[in-house]
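Undergrad: Fold the stuff below for me.
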Amino acid sequence: MSKRTILNWSSGKDSAWALHLLQHKKDIDLVGLVTVINQTYQRVTMHAVRMDLLEKQAKAIGLPLDVLSIPHPCSNEEYQAVMQECINKAEAENIECMAFGDLYLQDVREYREKNLKHTRITPLFPLWGIPTTQLANEMVSNGLRAFITCVDPTFLPSSFAGREFDQSFLTDLPEGIDPCGENGEFHTFVVDGPQFNESLNVKVGEIVKRDGFVFADVLPNNLEQE
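TA: Numbers count the residues shown, from 1 in each chain. Below is the predicted model:
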């Protein structure tokens, strides 16, 4: 029998591609998405995606969305408490697997495995170990569309914020930058792909600097900037 599985959903390309791979596994029954949002800004943490766009994403994918809210700033203890509550709820709902879009950061994987060690839930890492240049090209060539919503200017020029994640973007990346941004160089918001029932119509709004990062405000195309 297929295993009831939830996916940690960042709203970005790695989560989207993990979803795509999981949907092709006969032993996986993907039943929902889980996303952490910043309580103060009502946006996805780090990706800075608006709640209404996050909800449109989930609707376009056709999966229920569970939103976890954390304070800003958030201590490790507060974050851990929210994660534990999520795990407890998943166990109560007979979730057998929790999937993550991590690529190769061993400490992040170990943290997730530790959180689930004494539960009935098995962690899954469908993208783990795939070379990131290969992975980025597979995403682009197979119709995934995403926009760069956050840039760490210590890695990338601010001008990369708001760009589309496409072949041109990958070509322009400076030497030494991971093409999937696994080291935090950039974050994305996915608007279309093989896992979407319909594409999202968006535009890039204001580019702002906040908390040491550069954010591009992606908006529904019929919504004026705030």
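Undergrad: can you confirm Ala136 is in a helix?
TA: Yes - with DSSP: H, G, I helix; E, B strand; the rest coil as the criterion, Ala136 is located in a helix.
Undergrad: Pull the contacting residues for it.
TA: Leu170, Pro179, Cys180 (C-beta atoms under 8 Å, 6 or more residues apart in numbering). Any C-beta I mention is one placed from the backbone N, CA and C, and that applies to glycine too.
Undergrad: count of neighbours near the first one?
TA: A total of 16 residues lie near Leu170 under the criterion other C-beta atoms under 10 Å.
Undergrad: what do you get for the one 4 residues further on?
TA: Using other C-beta under 10 Å, Pro174 is surrounded by 10 other residues.
Undergrad: for it, helix, strand, or coil?
TA: coil.
Undergrad: So what does it have for phi and psi?
TA: Note on Pro174: backbone dihedrals following degrees, to the nearest 10 are phi -60, psi 160.
Undergrad: Hmm, Ser159 and it touching each other?
TA: No - taking C-beta atoms under 8 Å as the definition, Pro174 is not a contact partner of Ser159, at 11.7 Å.
Undergrad: Which ones among the contacts of Ala136 map onto helices?
TA: Leu170 (DSSP state H).
Undergrad: Which parts of the protein belong to which domain?
TA: Following automatic domain parsing, one finds the domains of the chain at 3-124, 143-220.
Undergrad: I'd like the ones you listed written out as a markdown table, with distance to Ala136 added.
TA: Below are those laid out as a markdown table (distance: least, C-beta to C-beta, whole Å):
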| stretch | distance to Ala136 |
| --- | --- |
| domain 3-124 | 8 |
| domain 143-220 | 4 |
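Undergrad: Same list, those domains, but as CSV with mean pLDDT please.
TA: As requested, those are exported to CSV (pLDDT from 0 to 100):
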stretch, mean pLDDT
domain 3-124, 96
domain 143-220, 97
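Undergrad: Longest strand of this protein, counting residues only.
TA: As assigned by DSSP state E, the longest strand anywhere in the chain is strand 28-38.
Undergrad: So what are the sheet partners of that one and their directions?
TA: strand 3-8 (parallel), strand 43-44 (antiparallel), strand 65-70 (parallel) (DSSP bridges).
Undergrad: Which one, of those strands, ends up nearest to Val151?
TA: strand 43-44 (15.4 Å; C-beta to C-beta).
Undergrad: So which residues make contact with the closest one?
TA: Strand 43-44 is contacted from outside by Ser10, Ser11, Thr35, Val36, Ile37, Asn38, Val49, Arg50, Met51, Leu54, using C-beta under 8 Å, 6+ apart.
Undergrad: And the lengthiest helix in the chain, what's buried?
TA: Across the chain, the helix with the greatest residue count (assigned by DSSP H) is helix 76-92. For helix 76-92, burial by neighbour count (16 or more other C-beta atoms under 10 Å) applies to Met83, Cys86, Ile87, Ala90.
Undergrad: Dump the residues you listed into JSON lines; add distance to Leu105 as well.
TA: Listed next are those as JSON lines, based on distance: C-beta to C-beta, whole Å:
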{"residue": "Met83", "distance to Leu105": "17"}
{"residue": "Cys86", "distance to Leu105": "21"}
{"residue": "Ile87", "distance to Leu105": "21"}
{"residue": "Ala90", "distance to Leu105": "23"}
